[in-house]
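S.K.: Below are the sequence and a predicted model; questions follow.
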Amino acid sequence: MAENENAAAPATETTGDAPAAAETQAATEPQAEAEPEAEAAPPEEITYHAVEKDGQVTAIWEMQGRKHLRTIDPRSRQGQEILRLYTAEHGE
């Protein structure tokens with residue numbers, strides 16, 4: 001009988017370790033899943049908005065989503081390039 005009891009004891013210890021291993025895996029899995037979610041959200045694209053007054057463009061706003069990044073003078077080289085690209089795309 002003693003032999004059967006000893007044989008059963010290691011099996012109990014082995015099953016006792018399995019939940020600990022499962023807990024370790026469960027503890028690491030949420031961290032692994034959290035990282036791809038942060039990477040999965042792409043940054044919002046940059047857009048340009050013309051500010052007009054009396055039919056003239058007085059400023060160009062560079063935006064990322066709802067965040068204003070900077071104001072570009074429409075008379076500057078970059079401002080003229082942005083306006084040229086816009087008018088080429090929309091064929092005014």
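M.R.: Cool, the structure landed. Small disclaimer: the values here were computed from a predicted structure and weren't measured.
S.K.: now the nearest residue to Asp73 once chain neighbours are set aside, what's its secondary structure?
M.R.: Computed as Cβ to Cβ, 6 or more residues apart in numbering, the closest residue to Asp73 that is not its neighbour in sequence is Gly79, at 5.2 Å. From N, CA and C alone the C-beta is placed, and that goes for glycine too. Under DSSP: H, G, I helix; E, B strand; the rest coil, Gly79 falls in the helix class.
S.K.: State the number of residues packed around Gly79.
M.R.: When neighbours are counted by other Cβ atoms under 10 Å, Gly79 registers 18.
S.K.: which residues of the protein fall in strands?
M.R.: Under the criterion DSSP state E, strands of the chain are mapped to 46-53, 56-64, 67-72.
S.K.: So which of these is nearest Tyr86?
M.R.: Evaluated over the strands of the chain, closeness to Tyr86 peaks at strand 46-53, with 7.4 Å, by Cβ to Cβ.
S.K.: For the closest one, which outside residues touch it?
M.R.: 57-64, 69, 72, 74, 82-83, 86 (Cβ atoms under 8 Å, 6 or more residues apart in numbering).
S.K.: Among these, name the buried ones.
M.R.: For these, a burial check counting by 16 or more other Cβ atoms under 10 Å picks out 57, 60, 62, 72, 74, 82-83.
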